[in-house]
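> Kindly return the folded structure for what I paste below:
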Amino acid sequence: MSAIYKIIDKKKLDIVKKPISKAHGLPNECYTSKDYTLIEREKIFENKWTVIGVASSLPNIGDVKPFNLLGLPLFLVRNKKDQIKVFHNVCSHRGVKLVNKKGNIRNVIRCPYHSWSYTSDGKLIATPHIGGMNQHSSPKFKKNKNNLKEIRSCVWLDLIFINISNNEIPFEKYIKPLSDRWAKFWKKKDRKLINHANDFGYFKINAKCNWKFAIENYCESYHLPWVHPGLNSYSKIEDHYHIQGLPNRFAGQGTVVYNPKFKGKKKFPCFPNWPKEKENIAEYVALFPNVMLGIHKDHFYAYWLEPISHKKTLEHMEIYYVGEKAAKSLEFKSLRNQNHKLWENIQKEDVGIIQRMQLGRNSHAYNGGNFSPDMDNPTHQFHKWVATHIV
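Model (predicted):
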């Protein structure tokens, strides 16, 4: 019997996958069980293309950063070829964690225990005294058989995706349905214009809840009038439409009334090939499992989730603009500040409600919940995706 069925009754997962009018949501155990979360790490975060950071956070050759994926130690590095690489964060000698904090390695990644050293490509190049005093090599030991274990990775729109189990389809094929959808808004050459803001371009939120709540909330606009009354005053619930990607890798919603209103007459530059007839359209898509994307005529953001435990999540918001001037110059600083505050306030409103959902999942009377057949389709799609891939 699969380990998941020892934690969750299979019938509960089968109900999730039923048509929306007959389905219940994921059972409580998917949000409250430590044992379930360990299975989820393997089936969801190791088996699928998962976001663990952004390339712009490692701007210089030699920059390194550790990352903990639900207890699994990893690290990211920008190598001498200016490429982002991801490795298991463990020395091949005695298993010491190599990278303990963000920094720059300059030449090598050196283990603090016995000084075994690796290049930024993970190649083992130094093994001091391995063959005895002042004997730094041994015919009994092959360095090239003991390099760091690299993890399959890809950078797309500055996001670093990894597939630890190396079992998914190539990332280019994986992302193609979403990339093709957005081709009607921005051409590939326009996507190359995005620049991470040098100030007011990042914030993080510690959410006392399971990571899945953020995704399922992001997928729908049903909650706007009650959770976001300010936003709903100009971007009403009726101004939104559903997005359900096929195959089932993403879901979300869009608006037809995007029209940013900031103090002053200044406006951000727009993507040069964004169609004029679509200038008031913006789309908000959750790319499963753990990143939420927002595409607008004048900026792009990525809101990615770092699961800490079954009931704690670190949410990272990265904001990008069109061209270096909009992203970094003093001329647009006030606009960046205003846009930053707008999104931070909206996300904090969401966090308040999803934390209350975590508390609600402690109720034995709750059966996974129901869905509105008309308003919750994208959220139901996400639940079905989890229920399908967790087994």
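> got the end-to-end distance for stretch 80-90?
In stretch 80-90, first residue to last residue: 21 Å (Cα to Cα, to the nearest Å).
> Residues contacting it, please?
Residues outside stretch 80-90 that contact it (Cβ atoms under 8 Å, 6 or more residues apart in numbering): 52, 55, 58, 61-62, 66-67, 72-79, 96-99, 119-122, 148-151, 153, 155, 160, 162. The C-beta positions use only the backbone N, C-alpha and C, and glycine is treated the same way.
> Kindly report the same for stretch 120-127.
61-62, 77-80, 85, 87, 92-93, 105, 108-110, 115-119, 136-138, 141, 143-144, 146-150.
> what's the answer for stretch 43-51, then?
Stretch 43-51 has contacts (Cβ under 8 Å, 6+ apart) with 4, 69-70, 72, 154, 159-165, 167-168, 171, 174-175, 288-291, 302, 304-305, 307, 386, 389-391.
> If we use 7 Å, what do you get?
By Cβ atoms under 7 Å, 6 or more residues apart in numbering, the list of residues contacting stretch 43-51 from outside reads 69-70, 159-165, 167-168, 171, 174, 289-291, 304, 389-390.
> same thing with stretch 160-180?
46-55, 76, 84, 86, 151-154, 156, 245-247, 249-250, 285, 287.
> For the protein, which helix extends over the most residues?
helix 333-360 (DSSP state H).
> ranges for the helices of this structure?
Secondary structure of the chain, counting by DSSP H: helices at 3-7, 10-16, 29-32, 34-40, 171-182, 188-191, 211-218, 224-227, 229-232, 323-328, 333-360, 377-389.
> I'd like these written out as CSV, with mean neighbour count and distance to Glu279 added.
What follows is the helices of the chain, written out as CSV (neighbours: other Cβ atoms under 10 Å; distance: least, Cβ to Cβ, whole Å):
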stretch, mean neighbour count, distance to Glu279
helix 3-7, 14, 46
helix 10-16, 16, 38
helix 29-32, 20, 39
helix 34-40, 18, 40
helix 171-182, 15, 15
helix 188-191, 14, 14
helix 211-218, 24, 23
helix 224-227, 15, 21
helix 229-232, 14, 19
helix 323-328, 18, 16
helix 333-360, 16, 17
helix 377-389, 22, 24
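> Compare those helices and say which comes out lowest on pLDDT.
Note on these: lowest mean pLDDT is at helix 229-232, with a mean of 84.
> Show me what it is packed against.
Here helix 229-232 touches helix 224-227, going by 3 or more Cβ pairs under 7 Å, 6 or more residues apart in numbering; DSSP states H and E.
> which residues are in contact with the helix it packs on?
Identification of contacts with helix 224-227 by Cβ under 7 Å, 6+ apart yields Leu231, Asn232, Ile237, Glu349, Asp350, Ile353.
> could you redo the last one with a cut-off of 6 Å?
Here helix 224-227 makes contact (Cβ atoms under 6 Å, 6 or more residues apart in numbering) with Asn232, Ile237, Glu349, Ile353.
> do stretch 200-220 as well
By Cβ under 6 Å, 6+ apart, stretch 200-220 touches 31, 251-252, 286, 292, 305, 307, 310, 313, 315-319, 336-337, 340, 344, 350-351, 354-355, 357-358, 376, 378-379, 382.
> Looking at the contacts of stretch 43-51, which are in strands?
Taking DSSP state E as the definition of strands, those contribute Leu69, Leu159, Ile160, Phe161, Ile162, Asn163, Val291, Trp304.
> neighbours of the fifth one, just the number please.
For Ile162, the tally of surrounding residues (other Cβ atoms under 10 Å) stands at 25.
> show me what contacts Trp186?
Counted by Cβ under 6 Å, 6+ apart, Trp186 has contacts Phe271.
> now it: how far from Leu342?
As judged by Cβ to Cβ, to the nearest Å, Trp186 and Leu342 stand 21 Å apart.
> before we move on, what about Arg249?
Arg249 is 28 Å from Leu342, by Cβ to Cβ.
> Kindly report the same for Tyr258.
Relative to Leu342, Tyr258 is positioned 12 Å away (Cβ to Cβ).
> And for Lys101, the neighbour number?
Lys101, neighbours per other Cβ under 10 Å, totals 7.
> swap that for Lys97, sorry
Count around Lys97 with other Cβ under 10 Å applied: 16.
> I'd say it and Leu72 touch.
No - using Cβ atoms under 6 Å as the test, Lys97 is too far from Leu72 to be in contact (11.2 Å).
> returning to that earlier point: buried ones among the contacts of stretch 120-127?
Using 16 or more other Cβ atoms under 10 Å as the burial test, these include 61-62, 77-79, 85, 87, 92, 105, 108-109, 116-119, 143, 146-148 as buried.
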